[in-house]
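A.B. asks: build me a model from this:
(one chain, ligands or ions: 1)
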Amino acid sequence: MTEEALDLLVEAARRAMANAYAPYSGFSVGAAVMADSGAVYEGCNVENASYPVSMCAERGAIAAAVSAGERAFTAIAIVASGGAPCPPCGMCRQALYEFGPDLDVILDSPEGSRMVYRLADLLPHAFGPASLTSRNGAA
Ligand code: THU
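C.D. replies: As a prediction, the model looks like this:
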């Protein structure tokens with residue numbers, strides 16, 4: 001990805017972060033995923049009075065993309081309030097892994113630092129679609 005494309009993806013994540021619903025944690029997160037088609041899909045965290053019902057920004061972005069018919073992704077940018085980079089939680093790493101280990105995960109902070117990881121490095125020895133190929137009746 002070019003620096004320009006990265007900048008656009010991070011900007012989209014920041015736009016989404018502005019819509020975060022985080023009255024309980026006070027921690028706003030925004031994510032933007034780039035599909036192979038070139039389209040960008042955004043998500044923000046959506047908390048709930050029943051805390052475990054809360055949804056992370058990354059899974060919101062992936063749900064929006066898949067709902068639009070996308071299945072392949074090149075990168076996801078994640079930003080959070082508070083200044084420090086926001087590594088995706090374990091559940092989100094697993095959710096992203098479903099669509100490929102090669103995803104670029106971009107962590108950007110308003111303080112200016114930017115880190116890029118490969119998803120497989122953030123979730124080594126992952127359980128993924130291939131792990132199910134030996135299930136009964138699998139194609
Ligand atoms: N959060 C995300 O949206 N993504 C992550 O990967 C880490 C955590 C949200 C969940 C919750 O609304 C708030 O951040 C504090 O955990």
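
A.B. asks: only C-alpha atoms from now on, for both contacts and neighbour counts.
C.D. replies: Fine.

A.B. asks: remind me, longest helix of the protein?
C.D. replies: Longest helix of the chain, by residue count under DSSP state H: helix 3-17.

A.B. asks: for the residue most central in space within the chain, which residues are in contact?
C.D. replies: Nearest to the mean C-alpha position of the chain, by C-alpha atoms, centre = their mean, lies Glu58 at 3.2 Å. By C-alpha atoms under 8 Å, 6 or more residues apart in numbering, the residues touching Glu58 are Gly30, Ala31, Ala32, Gly43, Cys44, Asn45, Ile78, Pro88, Cys92.

A.B. asks: let me know the average pLDDT across the helix or strand where Val66 lies.
C.D. replies: Per DSSP states H and E, Val66 falls inside helix 57-67. Computed over helix 57-67, the mean pLDDT rounds to 98.

A.B. asks: which elements pack onto the following helix or strand past that helix?
C.D. replies: The first helix or strand that comes after helix 57-67 along the chain, using DSSP H and E, is strand 73-80. With contacts taken as 3 or more C-alpha pairs under 8 Å, 6 or more residues apart in numbering; DSSP states H and E, strand 73-80 sits against helix 3-17, strand 29-35, strand 104-108.

A.B. asks: neighbouring strands of strand 73-80 in the sheet, and parallel or not?
C.D. replies: Here strand 73-80 has these sheet partners by DSSP bridges: strand 29-35 (antiparallel), strand 104-108 (parallel).

A.B. asks: closest to Arg118 out of those?
C.D. replies: Among those, the nearest to Arg118 by C-alpha to C-alpha is strand 104-108 (4.8 Å).
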